[in-house]
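[1] Mind folding the following:
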Amino acid sequence: MKRTLLALSILLVFGCNQNEKKETLADEKIMTEPDGGKGDGAVSPAVVFAQNIENAHSKETWKTNKAVAFDIDLTFGGNPRFSGKITSLTNSTKIRIDKKDGVKLIYDGEEVFLCPKIAEEEGARFDMFTWQYFFALPFKLTDPGTNWELLKPQHIAGDSFNRAKLSFENQIGDSPKDWYIIYQEPETGFLHAAAYIVTFGTEKGKAEENPHAIVYKDYVVIDGVPFATTWTFHNWNEKDGIGEQIGQAKISNINFFNPEDELFSKPEDSKIIPPLSSNPQ
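    Presented below is the predicted three-dimensional model:
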């Protein structure tokens, strides 16, 4: 499959939070070539791979913004799974979720709060961090505690995708045993896909029996930063690669803004959702 090279074209210009927001189609973005890890103090080729994706996604521009918000509608097996608005600081240290059913989740940097108290808490902590992480993934690839290993490229529909495996140091997040296999778009340099396992609440070996992949599509550029507005979820294995689609998310109303302090404060009528008491190995 050969992609037609197109210039970035203006799709939409409108005001949001009294700041002008510009959205453009992201059919093509020229990737800056890395130095290949040469020179004194050079990083490994695997880290250069990760940095290359971050650069293609304009990470430095992302970091100049204080907070970002977006709407998400997620379905699995044709059934609604999650719908609402997710807001976070761009450094991911605080997160807020406002579900369409009125349930709120707040991470204030220390605790996760669920509001109201009577809301179903099963899966709440998973929702708190998972969807925001998938959204912010292109900007978090070289966060502290990340480890990288280059893999062989994989061919999909006639294109060759460079890949590398991302894993984490102990004590990083709720599920440090998770891993991701990151695919890079060959022409744009954008994040194409991430195969992954979910070890939250289960053993790593068990999680590795059922890996999945998220494919990022329909990129637009918001204030200079590319975002995928469609995510598709698939079965995945190393031999066959990205397989049957099992779910989809639509991302909309992406905007950067400066939040009020109380946005991430503990809400009334809320309870704490603690981390799992132990992390399965």
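[2] Spit out the contact partners of the closest residue to Pro259 other than its chain neighbours.
    Computed as Cβ to Cβ, 6 or more residues apart in numbering, the closest residue to Pro259 that is not its neighbour in sequence is Ala67, at 4.5 Å. Just so you know, the C-beta spots here come from the backbone N, C-alpha and C atoms, and that holds for glycine as well. By Cβ atoms under 8 Å, 6 or more residues apart in numbering, Ala67 lies in contact with 87-90, 256-259, 263.
[3] Show me what Ala67 is bridged to.
    Leu89, Phe257 (DSSP bridges).
[4] Please report how far it lies from Ala213.
    Per Cβ to Cβ, to the nearest Å, Ala67 is found 29 Å from Ala213.
[5] same thing with Trp236?
    4 Å.
[6] Mind listing the shared neighbours of these two?
    195, 242-243.
[7] Let me see the ranges of the strands in the stretch 51-200 of the chain.
    67-76, 79-89, 95-99, 104-107, 112-115, 146-156, 159-168, 180-184, 191-196 (DSSP state E, counting those that start in this stretch).
[8] Redo those strands as TSV? Include distance to Val221.
    Below are the strands of the stretch 51-200 of the chain laid out as TSV (distance: least, Cβ to Cβ, whole Å):
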stretch	distance to Val221
strand 67-76	14
strand 79-89	19
strand 95-99	23
strand 104-107	28
strand 112-115	32
strand 146-156	24
strand 159-168	22
strand 180-184	18
strand 191-196	14
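[9] got the CA positions of stretch 113-121 in CSV?
    C-alpha atoms of stretch 113-121 as CSV (Å, rounded to 0.1, in the frame of the first residue of the first chain):
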residue,chain,number,x,y,z
PHE,A,113,-11.3,9.5,43.8
LEU,A,114,-14.6,8.1,42.5
CYS,A,115,-17.7,10.2,42.7
PRO,A,116,-20.4,9.5,43.8
LYS,A,117,-19.5,7.1,46.5
ILE,A,118,-22.2,4.7,45.4
ALA,A,119,-20.8,4.4,41.9
GLU,A,120,-19.5,1.0,40.7
GLU,A,121,-15.8,0.9,41.6
